[in-house]
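Asks: A predicted structure for the sequence below; I have some questions about it.
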Amino acid sequence: MNTTSFSWTKSLLQWFEKNKRPLPFRLTKDPYAVWISEIMAQQTQIDTLLPYYNRFVESFPHVQALAAAEEDLLLKHWEGLGYYNRAKNLHRAAKIIVTEWHGFIPDNYKDLLKLPGIGPYTAAAIASICFNEKIAAVDGNVLRVFSRLTNSFDDIGEQATKRQIQHALSQCMPDEPGDFNEAMMELGALICLPTNPYCLLCPIREHCSALETGHVHLLPVKKKKIKRKTLAMEACLVEDTKGQLLIEKRPDKGLLSGLWGFPIVEKNQGIGNYLQKTYKYTEPLCLIGKTKHVFTHITWEIDLYIIKQVQHDGDKGVFISPKNILSDFALPTAFKKMLRFYNSSSRKNTPYK
DNA sequence: CACGCGTGGAG
DNA sequence: TCTCCAAGCGT
């Protein structure tokens, strides 16, 4: 087994040193900061997470602060970033680190892998960047770069392919494994793009099998297509006599679990029926607009209704002013759209779409 | 292994 | 408008 690093490693590392983006979490090897950034980076582009990262580490500067935080506050910091289970797993892991690891983040791949929310990619990223462990961090960028370098038509959607690539790269890590991993990802993010890659600017183009054979545009191979089902939904803004709106905490399982939102049900259930059964509201509903919200695997086609001047005595649901909903509650984007529409349409006739 | 799980940018 | 895709993980 050849366990020396690849011949192109040096060129890649030199390119990385010169071209890497100045990201805030690159200013430190603090495993806590790197951990947070890597969790946020899962399935998320770096530019998107930057403001979230800065706010998060300011509010929760160390693992003890994170472990002691209220989950609602944590979710508020995650609001709009998506994949909210990441925040919950981060919380669970923080508590485990405090109670079982004396507040120290595990310093190796194997132990990191045991923590909730940390899989093969994230464990490898933290272990290599913070603790110099020679283990490959294989994300979507690396799968693409490696497929092209080796002219491999293996399906990168397969778990087996990911394992093989991680194994192959891990056998050949240089003495700067963290830099190597980051360099591979940075190359994928800046040069070896999914479409129209900048091959002429690539520091390892002379070693690229796909470029040599003209297959760059065919790689990587990903067979599985996402199939998205459409659900017809009905949502309702329930307004009381003081102009406050009814919000509900979503169930603790499933889509957007643990966050807050306005009453919403599938159309065949009927929002009027739901409100009457749950809150005994009998005031008339008025359709005020239609919109669509697209998740990874579901599309909601939403009919938005409103009920005005609802009488309630406090025990029938949580009523909060729109301003305080925005400032104090973690509201997913689908519901924020409704609130924006509500705020603007009270002054002028804005189409809801 | 297949599927559930958000959102925003780019072509 | 539609599709893909992004520093993936849990079940």
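Replies: That came through, no problem.
Asks: okay, now the domains of chain A?
Replies: A:7-218, A:229-349 (automatic domain parsing).
Asks: Can you tell me which of the ones you listed is most buried?
Replies: The highest mean neighbour count among those, using mean count of other Cβ atoms under 10 Å, belongs to domain A:7-218: a mean of 18. For glycine as for every other residue, the C-beta is placed from the backbone atoms N, C-alpha and C.
Asks: averaged over its residues, what pLDDT does it have?
Replies: For domain A:7-218, mean pLDDT is 96.
Asks: Span of that domain from start to end?
Replies: End-to-end span of domain A:7-218 (Cα to Cα, to the nearest Å): 25 Å.
Asks: got a list of contacts for the helix of greatest length in chain A?
Replies: For chain A, the longest helix by residue count, based on DSSP state H, is helix A:85-100. The contact list for helix A:85-100 (Cβ atoms under 8 Å, 6 or more residues apart in numbering) reads A:36, A:39-40, A:42, A:63-64, A:66-67, A:69, A:71, A:74-75, A:77-78, A:103-106, A:115-118, A:257-258.
Asks: mind checking how far the residue of the stretch 101-250 of chain A at minimum distance from DNA strand B is from A:Gln166?
Replies: DNA strand B sits closest to A:Gln159 of the stretch 101-250 of chain A, with a gap of 4.2 Å, by Cβ to the nearest atom of the strand. Look at A:Gln159 and A:Gln166: by Cβ to Cβ, to the nearest Å, they are 11 Å apart.
Asks: Without its sequence neighbours, what residue ends up closest to A:Phe16?
Replies: A:Ala183 (3.5 Å; Cβ to Cβ, 6 or more residues apart in numbering).
Asks: on that earlier part again, which stretch among the domains of chain A comes nearest DNA strand C?
Replies: domain A:7-218 (2.4 Å).
Asks: close to DNA strand C, is the closest one?
Replies: Yes: if you take Cβ under 7 Å from any atom of the strand as the test, domain A:7-218 does meet DNA strand C, through A:23, A:37-38, A:41-46, A:83, A:85, A:89, A:115-123, A:125, A:139-141, A:144, A:182, A:185-186, A:188-189, A:194.
Asks: So what's the gap between that domain and the chain middle?
Replies: 13 Å (Cα atoms, centre = their mean, to the nearest Å).
Asks: and if you look at stretch A:311-319?
Replies: Offset of stretch A:311-319 from its chain centre (Cα atoms, centre = their mean): 34 Å.
Asks: just checking, A:Met233 touches A:Pro263?
Replies: No: under the criterion of Cβ atoms under 8 Å, A:Met233 makes no contact with A:Pro263, lying 10.6 Å away.
Asks: before we move on, back to that, mind giving me the packing neighbours of the helix or strand that the longest helix of chain A is followed by?
Replies: Note on helix A:85-100: by DSSP states H and E, the next helix or strand toward the C-terminus is helix A:109-112. Where contact means 3 or more Cβ pairs under 8 Å, 6 or more residues apart in numbering; DSSP states H and E, helix A:109-112 is packed against helix A:120-131.
Asks: Provide the secondary structure category for the residue nearest to A:Lys290 when sequence neighbours are not counted.
Replies: Of all residues not flanking A:Lys290 in the chain, A:Asp303 sits nearest, at 5.6 Å (Cβ to Cβ, 6+ apart). Secondary structure, DSSP: H, G, I helix; E, B strand; the rest coil: A:Asp303 is strand.
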